[in-house]
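Trainee: sequence first, then the predicted structure:
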Amino acid sequence: MVAILALTPNIGFAQEYVPTTQDYLNNVWVFIAGVLVFFMQAGFALVEAGLTRAKNVVNIFAKNMADAIIGILAFFATGYAIAFGSGGSEFIGSGEWFLTGADLSAIPEGGLSIATTFFFQAVFAATAVTIASGAMAERTKFGSYLVFSAIMCAFIYPVVVHWTWGGGWIAGMNVGDAVFSDFAGSGIVHMTGGIAALMGAFFLGPRIGKYDENGNARAIPGHNIPFAMLGVFILWVGWFGFNPGSELLADEFVSTVAVNTMLAAAAAGLVTTITIWFVAGKPDLAMIGNGVLAGLVAITAGCGAFTPVYSVVTGAVAGVLVVFSVIGLDKLKIDDPVGAVSVHGVCGFWGVFAVGLFAKYDDAFLGREEAGLVYSGSFDQLIMQLLMLLIIGVWVTATTSLLFFALKSTIGLRVTAEEEIEGLDFLEHGLEGYARDSVSSSSATS
């Protein structure tokens with residue numbers, strides 16, 4: 001996601017530049033990519049609903065709907081200003097609150113209008129927050145989740161964006177010749193959401209019945225695997241907006257980014273199949289779906305800098321990591337019903353780290369060719385990537401921990417045991433996802 005501030009017009013100055021056909025194509029392409037990213041909300045909802053129980057399906061869809069509604073409005077109110085505002089400091093942006101004073105339609109030379117940038121970034125924000133929904137499924141108070149969603153998109157995530165894509169603190173760092181690179185957000189979006197998911201699951205505690213008296217994990221099967229697999233395919237399609245759209249231009253590199261994305265997902269799916277078959281004795285389809293998503297998350301950082309071969313390697317490693325991460329979290333009694341922490345947190349970390357190993361091409365962040373360790377023989381890029389991961393990890397862990405602790409201590413974070421056992425659909429929303437026909441057979445035949 002190259003130098004977004006450089007591609008967005010200054011606020012408050014008269015437009016003198018006359019956009020070219022290429023400028024319009026750039027803006028239309030990024031808008032279409034944003035639509036694909038927005039449609040990923042449907043994929044997240046289906047994956048989460050399918051991998052959880054039928055008694056909570058309305059609640060699952062309600063949370064995902066809320067992430068789109070509240071997340072976008074929160075990003076509009078303060079998130080965009082904190083991430084990309086024309087004022088502020090290297091630590092936090094300021095200005096253009098509620099997009100006031102912004103000329104939304106002005107297109108700078110070779111860049112994007114503020115309207116296009118906001119649209120694309122707002123749907124990214126909604127993606128970051130919805131990652132946590134799955135890890136917090138089946139036992140979270142709906143009202144508390146809404147507060148989390150709003151603060152995540154209004155403040156916590158935008159600060160990470162400002163430090164990186166917004167040209168702030170991390171963007172100004174270097175280790176030798178190395179500067180940070182996270183092309184489409186393995187760390188900025190996915191690891192951020194994955195850490196929030198981990199903190200949410202930790203503060204909530206496991207679902208009733210997840211662990212036996214000896215602490216061994218019990219399987220709580222999802223109620224609709226076809227839902228989950230349809231969601232995986234929707235997310236896979238959406239990623240062709242997420243990653244290629246982050247080129248922010250309609251140019252020859254869009255397709256190469258798409259190819260790398262496709263290959264990493266396929267490699268991860270294959271390796272996950274082999275790994276879970278070996279570990280569990282069966283090719284668990286739910287885990288295979290998560291493997292595909294793990295590959296997509298991992299390649300998101302390096303899709304503009306890797307060769308196809310190293311894209312496959314990156315996806316393959318993610319395919320192994322996701323299996324053992326899910327197993328490891330269960331041993332730690334972190335109950336993540338859909339594997340969100342493993343897919344987005346662990347594999348997001350791996351994707352950013354992999355840039356330090358495998359980066360061959362300048363992705364417009366790196367500023368040089370052959371930056372990765374396997375090409376340069378230098379650890380500089382790897383150290384820079386680790387520094388970025390450390391800073392993001394500390395920030396998101398600290399802020400989400402404080403947020404969840406405050407919610408738990410005030411309005412409460414978890415529903416009652418009775419509500420959890422009965423299901424959240426009717427008690428939280430007054431609806432059932434699979435309501436029985438209220439017309440009796442006698443009424444129907446009379």
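Mentor: The structure has been received and is ready for your questions. Residues are numbered from 1 along each chain as shown.
Trainee: do a quick rundown of the helices in the stretch 51-200 of the chain.
Mentor: 57-74, 80-84, 114-135, 142-151, 157-163, 192-204 (DSSP state H, counting those that start in this stretch).
Trainee: of all these, which lies closest to residue 261?
Mentor: helix 114-135 (15.2 Å; Cβ to Cβ). All C-beta atoms are positioned from the backbone trio N, CA, C, and that covers glycine.
Trainee: in the closest one, what counts as buried?
Mentor: For helix 114-135, the neighbour count (16 or more other Cβ atoms under 10 Å) marks 114-135 as buried.
Trainee: next one: stretch 163-173
Mentor: So stretch 163-173, judged by 16+ other Cβ under 10 Å, has buried residues 163-171.
Trainee: farthest pair within those?
Mentor: Using Cβ to Cβ, the pair of those lying farthest apart is 165 and 169, separated by 12.0 Å.
Trainee: wait, a strand at residue 214?
Mentor: No. Residue 214 is assigned coil when assessed by DSSP: H, G, I helix; E, B strand; the rest coil, not a strand.
Trainee: what secondary structure does residue 40 sit in?
Mentor: Applying three-state DSSP: residue 40 is helix.
Trainee: thought it was touching residue 234?
Mentor: Yes. With contact defined as Cβ atoms under 8 Å, residue 40 counts as touching residue 234 (6.9 Å).
Trainee: okay, these two: which has more neighbours?
Mentor: In terms of neighbours (other Cβ atoms under 10 Å), residue 40 is the more surrounded of residue 40 and residue 234; the figures are 23 against 20.
Trainee: hang on, residue 30 packs against residue 251?
Mentor: No. Assessed by Cβ under 8 Å, residue 30 is found out of contact with residue 251, at 11.6 Å.
Trainee: more neighbours: which of these two?
Mentor: Neighbours per residue (other Cβ under 10 Å) separate residue 30 from residue 251, with residue 30 holding more: 24 against 13.
Trainee: the inter-axis angle of the helix or strand where the more buried one lies versus helix 114-135?
Mentor: Element membership of residue 30, judged by DSSP states H and E, is helix 21-50. Computed by axes from the mean of the first three to the mean of the last three Cα atoms, to 10 degrees, the angle separating helix 21-50 from helix 114-135 equals 20 degrees.
Trainee: and helix 21-50, how far out from the chain middle?
Mentor: 13 Å (Cα atoms, centre = their mean, to the nearest Å).
Trainee: so which elements touch that helix?
Mentor: Counting contacts by 3 or more Cβ pairs under 8 Å, 6 or more residues apart in numbering; DSSP states H and E, helix 21-50 is packed against helix 57-74, helix 114-135, helix 225-245.
Trainee: could the ones you listed go into a markdown table alongside mean pLDDT?
Mentor: As requested, those are exported to a markdown table (pLDDT from 0 to 100):
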| stretch | mean pLDDT |
| --- | --- |
| helix 57-74 | 97 |
| helix 114-135 | 97 |
| helix 225-245 | 98 |
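Trainee: of those helices, which is nearest residue 86?
Mentor: Residue 86 sits nearest to helix 114-135 of all the helices and strands packed on helix 21-50, at 10.5 Å, using Cβ to Cβ.
Trainee: and the closest one with helix 57-74, angle?
Mentor: Using the same axes, to 10 degrees: helix 114-135 against helix 57-74 is 150 degrees.
Trainee: pull the CA atoms of helix 114-135 into CSV?
Mentor: Provided in CSV are the C-alpha atoms of helix 114-135 (Å, rounded to 0.1, in the frame of the first residue of the first chain):
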residue,chain,number,x,y,z
ILE,A,114,-9.6,11.4,-0.7
ALA,A,115,-12.9,9.7,-1.4
THR,A,116,-11.2,6.7,-3.0
THR,A,117,-8.6,6.5,-0.2
PHE,A,118,-11.2,6.8,2.5
PHE,A,119,-13.4,4.1,0.9
PHE,A,120,-10.6,1.6,0.6
GLN,A,121,-9.2,2.3,4.1
ALA,A,122,-12.6,2.2,5.8
VAL,A,123,-13.3,-1.3,4.6
PHE,A,124,-9.8,-2.4,5.7
ALA,A,125,-10.7,-1.0,9.2
ALA,A,126,-13.9,-3.1,9.3
THR,A,127,-11.8,-6.1,8.3
ALA,A,128,-9.4,-5.6,11.2
VAL,A,129,-12.1,-5.5,13.8
THR,A,130,-14.2,-8.4,12.5
ILE,A,131,-11.2,-10.7,12.9
ALA,A,132,-11.8,-10.6,16.7
SER,A,133,-15.4,-11.6,16.4
GLY,A,134,-14.7,-15.2,15.8
ALA,A,135,-12.4,-15.7,18.8
